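[1] predicted structure and sequence below. I'll ask about it afterward.
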Amino acid sequence: MQKEDKKEEKFALTYALSLITQIGLVVSVITIFFIGLGYWIDKQLQTLPLFVIIFAFLAFVSSMAAVYFLILPIIKKSDKEAEEKKKEVKEAKEAKEVKE
């Protein structure tokens, strides 16, 4: 039993580390891409800070959306587990009341 718990802990840790890495990479790549694109457009149109600022804002919004979609499965799994736990508690409570 302890061996399975250790395996589960290892898997959870590995999953958490991979998720953190994914989030960092996604945010970095999106930010670099959008700010680079804004800088390039500004160079072409000679309006230096304008498009960098606009695209930096777009990078922030896009990054937050990407992070949300990366953690959405975890949120859904957590909600499902919470519902199952509530159901188990309710069934245990009902079974206890029936016994009495």
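    Here it is on my side, so go on.
[2] which helix or strand contains Ala66?
    Here Ala66 sits within helix 48-99, counting by DSSP states H and E.
[3] so how far is that helix from its chain's centroid?
    With C-alpha atoms, centre = their mean, to the nearest Å as the basis, helix 48-99 stands 8 Å off its chain's centre.
[4] so what does it touch, helix or strand wise?
    Under the contact definition 3 or more C-beta pairs under 8 Å, 6 or more residues apart in numbering; DSSP states H and E, helix 48-99 sits against helix 2-45. C-beta here means a position set from N, CA and C on the backbone, and glycine is covered the same way.
[5] state the distance from the residue positioned nearest the centre of the chain to Leu19.
    Centroid check for the chain by C-alpha atoms, centre = their mean gives Ile71 as the closest residue, at 2.5 Å. According to C-beta to C-beta, to the nearest Å, Ile71 and Leu19 sit 7 Å apart.
[6] same question for Pro73.
    To Leu19, Pro73 is 10 Å away according to C-beta to C-beta.
[7] ditto for Lys3
    Separation of Lys3 from Leu19 (C-beta to C-beta): 25 Å.
[8] got the angle between the lowest-mean-pLDDT helix or strand in the chain and helix 2-45?
    When the helices and strands of the chain are compared on mean pLDDT, DSSP states H and E, helix 48-99 comes out lowest with a mean of 90. Relative orientation of helix 48-99 versus helix 2-45 (axes from the mean of the first three to the mean of the last three C-alpha atoms, to 10 degrees): 150 degrees.
[9] got phi/psi on Gln46?
    When read as degrees, to the nearest 10, the backbone of Gln46 gives phi 50, psi 50.
[10] one more: Thr47?
    phi -130, psi 50.
[11] roughly how far does it sit from Thr31?
    In this view, Thr47 and Thr31 are 20 Å apart by C-beta to C-beta.
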